[in-house]
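Visitor: No sequence on hand, only this structure:
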């Protein structure tokens, strides 16, 4: 239900354009499915937080089932959903969550304030020219998952 309040991207050109055209704001792209319960929980947090972060961030949802989006799914190695990727001025911003993968947030945020804190930390770091920032959340509020490497 909350996903209706946010922009949904289904084409590669739409994703390219929003990454390219979002200037001086953090762009939050949630990769997932509208039918997945964890994605719906995250969408609820994102839609409730969108107004609070609107001065320094914008949020869009990316439908991973779209054939045109598969190029991004492979590039960002989206194996778990929901996965959230952050950009600033067309640069992919990474965050050290204390996990093996710094390229994306995997899972849902526990609270609205957690999401706002993460976006604000990325914004502050990106304004200083950093491409990787430290996560402001305590470790117990960061989702844990196991990375499996195939054909390495």
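Guide: That came through, no problem. Keep in mind that what you see is a predicted model, and the values were worked out from it rather than measured. Numbers count the residues shown, from 1 in each chain.
Visitor: Pull out the buried residues from the longest helix seen in the chain.
Guide: Criterion DSSP state H: the longest helix present in the chain is helix 112-127. Using 16 or more other C-beta atoms under 10 Å as the test for burial, helix 112-127 gives 114-123, 125-126. For the C-beta atoms, the positions are set from N, CA and C on the backbone; glycine is no exception.
Visitor: Could you check how far residue 45 is from residue 107?
Guide: 11 Å (C-beta to C-beta, to the nearest Å).
Visitor: more neighbours, these two?
Guide: The neighbour count for residue 45 versus residue 107, taken as other C-beta atoms under 10 Å, is higher for residue 45 (21 against 17).
Visitor: Shouldn't that one be within a helix?
Guide: Yes - counting by DSSP: H, G, I helix; E, B strand; the rest coil, residue 45 is part of a helix.
Visitor: Helix or strand with the lowest mean pLDDT in this structure?
Guide: The weakest-scoring helix or strand in the chain, judged by mean pLDDT, DSSP states H and E, is strand 105-106 (a mean of 87).
Visitor: residues in contact with that one?
Guide: With contact meaning C-beta atoms under 8 Å, 6 or more residues apart in numbering, strand 105-106 is reached by 80, 82-86, 95, 97, 99, 118, 143, 145.
Visitor: Out of the residues you listed, which comes closest to residue 65?
Guide: Checking those against residue 65 with C-beta to C-beta, the nearest one is residue 82 at 13.0 Å.
Visitor: And the pLDDT at the closest one?
Guide: Here the pLDDT value assigned to residue 82 is 91.
Visitor: Just the closest of the buried residues of helix 112-127 to residue 53, please.
Guide: Closest to residue 53, out of all of the buried residues of helix 112-127 and judged by C-beta to C-beta, is residue 119, at 4.9 Å.
Visitor: Spit out the contact partners of the closest one.
Guide: Here residue 119 is in contact with 26, 28, 49, 53, 56-57, 86 (C-beta under 8 Å, 6+ apart).
Visitor: Walking through this protein, point out its helices one by one.
Guide: Counting by DSSP H, the helices of the chain are 12-21, 37-49, 70-75, 112-127.
Visitor: List the buried residues of the first one.
Guide: Buried residues in helix 12-21, counting neighbours by 16+ other C-beta under 10 Å, are found at 14-15, 18-19.
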